[in-house]
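> Curious how this folds, go ahead:
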Amino acid sequence: MTARKEVPTVAQSTETDWVSRFADEVIAEAERRAPGKPIVCASGLSPSGPIHLGNLREVMTPHLVADEIRRRGFACVHIVSWDDYDRYRKVPAGIDPSWSEHIGKPLTSVPAPPGSPHPNWAEHFKAPMIEALGAMGIEFDGISQTEKYTSGAYREQILHAMRHREQIDAVLDRYRTKDKAGAKDTKKQQQKQQKPVDEAELEAAEGSGAAAEDDGSAGGAGYYPYKPYCSVCERDLTTVTSYDDESTELAYTCACGHGETVLLSEHDRGKLVWKVDWPMRWAYEGVVFEPSGVDHSSPGSSYVVGGQIVREVFGGDQPIGPMYAFVGISGMAKMSSSKGGVPTPADALEIMEAPLLRWLYARRRPNQSFKIAFDQEIQRTYDEWDALERKIGDGSAQPADAAAHSRATRTAGGELPRTPRPLPYRMLASVVDITTGHDEQTLRILGELDPENPVKSLDETRPRLDRAERWITTQVPAEQRTRVRDEPDTELLASLGETERESLRLLLDGLDEHWSLDGLTTLVYGVPKLQAGLAADAKPTPELKVAQRTFFALLYRLLVGRDTGPRLPTLLLAVGADRVRKLLAG
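Numbers count the residues shown, from 1 in each chain. The predicted structure follows:
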């Protein structure tokens, strides 16, 4: 155990939040298993394709627990195992079908997609995830399974597994006779509980596919938990035909026609099958905490089987850790059709700040499903976040909410970058929508929001401003973008009755006096009150609400040519007083 140090405070009561509770359990378990040694938390990611926001839960869950352990002053390591020595399974949509010739090779032996600067398929998909994890303040030790296996680091573990192959086979056999349909029913039930809404979201719910890996039982010459990659074609279409424990001579044949005999004590081109590989690594790394996803939850899954293999074969302990639930995407169908896949953490960080993305994972227990918004719901998510920030500021936040906020905005290593002046996201989105990102226009509008405390530089509003602009330009369809009229709608203006004309006169007469965000808010809601003979602070009645909605729709039609649009006070500021007068007065 290391000496305690001053770190940001998060309440440590097990009743405060789920992270504290797991940290309590992990610290106690680590003291039981290996007192005084650094505590090991683990994640596993397969760079077989884009590593999406569902996979991020595999990293965020142990990260938050490891970070809490560090905050308490204990040495803790969070390892991320890159399963880059797994086989290449299938050619994803959008990739040249000729890549099918690489199916069966290790991911690090498959060429990167065309145009990629990276040396192989695995590195191509690891790179954006590593960058995103860095932006989110996630400290981890990355372990390449290709490097581990090809360097011989696991040689003793492999030989041990081969010596105990009959014992492993017996463990696996307890589950092979189970009804496979039962496992499918389990998974369907979980997906039903977690409410994925379409095929794209079902894809997001899937894991790397490792849970369905061959367990080594396919060979006709007995059970072998090790699968060599062919030295000629590099693929794993191999069958072990014999093995001698004393000499470690292993003979195999490959579907390509090649066959050879190697010394397993020297051979470094192959790996343990997944259901043996995972528990081997638990023992090798001394993992105390590791969550697992929905694809490892069926009765004969690698997680369940691995718990027995790690104890009975490798003399280790299965990590403690929760089964984590589905992460959905609001706006998924639209994004999937445009990008050809589920969104990644890098995609999310283009439209939201890192603390907000961290918060979405921190505030929900791992077994609770939730959605990440890429559509209009992102504005509501930001409103919730800003409301929480205000409660943190005035001390009225609930302990669990305060803990989640603390975990979102800082780690044991320090604060994450913040927007100095976090204006409402929906307002920023409206402004950049109207100005089409023109900096000078944007600064003029933001500078007029609060005349007593004007925004003097766009840097005050970044990076939130940039995220809102990116959301508008990439996630909002062109037909939903705001286009302010160039000329007045003379036909509509000519058709107005006296009541409508009076409402426009009252608005225009009050522009100069009310030219700020708060002032214009009072003005646009107040005009129908004045017309009804009510005081400006009168509470809305059903009749008044109808009159307000009618007035707002009129303003939208005259300004942007449709019945709805951005909040009117923001829209008026963005359009500018002179142009508002031109469009409303004709």
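
> Helices of the stretch 51-200 of the chain, start to end?
Ranges of helices in the stretch 51-200 of the chain, per DSSP state H, counting those that start in this stretch, are 53-71, 121-135, 145-150, 155-163, 165-176, 180-194, 199-205.

> Report the inter-axis angle for the first one versus helix 121-135.
Going back to what we said before, that points to helix 53-71. If you take axes from the mean of the first three to the mean of the last three C-alpha atoms, to 10 degrees, helix 53-71 sits at 50 degrees to helix 121-135.

> Please enumerate the helices of the stretch 251-400 of the chain.
Along the stretch 251-400 of the chain, counting by DSSP H, counting those that start in this stretch, helices occupy 274-285, 302-312, 332-339, 345-351, 354-362, 377-394, 399-409.

> re earlier: highest average neighbour count across the helices of the stretch 51-200 of the chain?
Greatest average neighbour count among the helices of the stretch 51-200 of the chain goes to helix 53-71 (a mean of 26), per mean count of other C-beta atoms under 10 Å. Just so you know, the C-beta spots here come from the backbone N, C-alpha and C atoms, and that holds for glycine as well.

> Averaged pLDDT, it. What do you get?
The pLDDT scores in helix 53-71 average 97.

> what's it packed up against?
helix 18-33, strand 39-45, strand 76-82, helix 199-205, strand 327-330, helix 345-351, helix 354-362, helix 399-409 (3 or more C-beta pairs under 8 Å, 6 or more residues apart in numbering; DSSP states H and E).

> do that again at 6 Å, thanks
Other elements packing on helix 53-71 under the criterion 3 or more C-beta pairs under 6 Å, 6 or more residues apart in numbering; DSSP states H and E are helix 18-33, strand 39-45, strand 76-82, strand 327-330.

> Same list (those) but as CSV, adding mean neighbour count and distance to residue 535.
Shown next, in CSV, are the helices and strands packed on helix 53-71 (neighbours: other C-beta atoms under 10 Å; distance: least, C-beta to C-beta, whole Å):
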stretch, mean neighbour count, distance to residue 535
helix 18-33, 20, 49
strand 39-45, 25, 60
strand 76-82, 23, 60
strand 327-330, 24, 41
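
> Turn these into TSV, columns for mean pLDDT and distance to residue 565.
As requested, these are exported to TSV (pLDDT from 0 to 100; distance: least, C-beta to C-beta, whole Å):
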stretch	mean pLDDT	distance to residue 565
helix 18-33	97	41
strand 39-45	97	42
strand 76-82	98	45
strand 327-330	90	21
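
> Distance to residue 548 added to these, as JSON lines?
Listed next are the helices and strands packed on helix 53-71 as JSON lines, based on distance: least, C-beta to C-beta, whole Å:
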{"stretch": "helix 18-33", "distance to residue 548": "43"}
{"stretch": "strand 39-45", "distance to residue 548": "51"}
{"stretch": "strand 76-82", "distance to residue 548": "53"}
{"stretch": "strand 327-330", "distance to residue 548": "29"}
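
> isn't residue 365 right up against residue 20?
No. Contact criterion C-beta atoms under 6 Å: residue 365 and residue 20 do not qualify, at 11.9 Å.

> Give the intersection of the neighbour lists for those two.
Shared contacts of residue 365 and residue 20, defined by C-beta atoms under 6 Å, 6 or more residues apart in numbering, are absent.

> got any ranges where the protein has weak pLDDT?
By pLDDT under 70, the weakly predicted segments of the chain are 1-15, 177-214, 217-220, 295, 297, 332-340.

> go again using 50 as the cut-off
The model of the chain has pLDDT under 50 over residues 1-14, 179, 181-183, 186-187, 189-202, 204-209, 211, 336-338.

> Please identify the deepest-packed of the helices of the stretch 251-400 of the chain.
It is helix 274-285: most buried of those by mean count of other C-beta under 10 Å, with a mean of 24.

> Quick check: the spatially closest residue to residue 585 that is not a sequence neighbour vs residue 308, distance?
Sequence neighbours aside, residue 508 is the residue nearest to residue 585 in space, at 6.3 Å (criterion: C-beta to C-beta, 6 or more residues apart in numbering). Distance of residue 508 to residue 308, computed by C-beta to C-beta, to the nearest Å: 78 Å.

> Which one, of the helices of the stretch 251-400 of the chain, ends up nearest to residue 521?
Closest of the helices of the stretch 251-400 of the chain to residue 521 is helix 377-394, at 15.7 Å (criterion: C-beta to C-beta).

> For that closest one, enumerate the helices and strands it packs against.
Partner elements for helix 377-394 (3+ C-beta pairs under 6 Å, 6+ apart): helix 425-435.

> Quick check: buried residues in the very next helix or strand once past the helix it packs on?
Next in sequence after helix 425-435, counting helices and strands by DSSP states H and E, comes helix 439-448. Neighbour-count burial for helix 439-448, counted by 16 or more other C-beta atoms under 10 Å, picks out 441, 442, 443, 444, 445, 446, 448.

> could I get the helices of the stretch 251-400 of the chain as CSV with distance to residue 518?
Supplementary listing: the helices of the stretch 251-400 of the chain in CSV, determined by distance: least, C-beta to C-beta, whole Å:
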stretch, distance to residue 518
helix 274-285, 57
helix 302-312, 55
helix 332-339, 35
helix 345-351, 28
helix 354-362, 25
helix 377-394, 16
helix 399-409, 27
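
> wait, which of the ones you listed is closest to residue 484?
Of all the helices of the stretch 251-400 of the chain, helix 377-394 comes closest under C-beta to C-beta, at 20.1 Å.

> residues making contact with that closest one?
330, 356, 373, 397, 405, 425, 426.

> just stretch 259-278 next, same as before
Here stretch 259-278 has contacts from 85, 149-150, 152, 161, 168, 210, 213-216, 225-229, 248-251, 253, 280, 302, 305-306, using C-beta under 6 Å, 6+ apart.

> buried stuff in it?
In stretch 259-278, counting by 16+ other C-beta under 10 Å, buried: 262, 264, 267-278.

> Make CSV from the residues you listed and add distance to residue 65 to it.
Converted to CSV, the buried residues of stretch 259-278 look like this (distance: C-beta to C-beta, whole Å):
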residue, distance to residue 65
262, 41
264, 37
267, 37
268, 34
269, 36
270, 34
271, 28
272, 27
273, 29
274, 24
275, 25
276, 26
277, 24
278, 19
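
> of all those, which two lie farthest apart?
Longest span within those, C-beta to C-beta: 262 and 278, 24.3 Å.

> ok, residue 22 touching residue 64?
No. If you go by C-beta under 6 Å, residue 22 and residue 64 don't touch, sitting 8.3 Å apart.

> quick one, which of the helices and strands packed on helix 53-71 is nearest to residue 351?
Nearest to residue 351 among the helices and strands packed on helix 53-71 is strand 327-330; the distance by C-beta to C-beta comes to 12.0 Å.

> now stretch 53-60, how far from the chain's geometric center?
6 Å (C-alpha atoms, centre = their mean, to the nearest Å).

> Can you get me a residue count around residue 516?
18 (other C-beta atoms under 10 Å).
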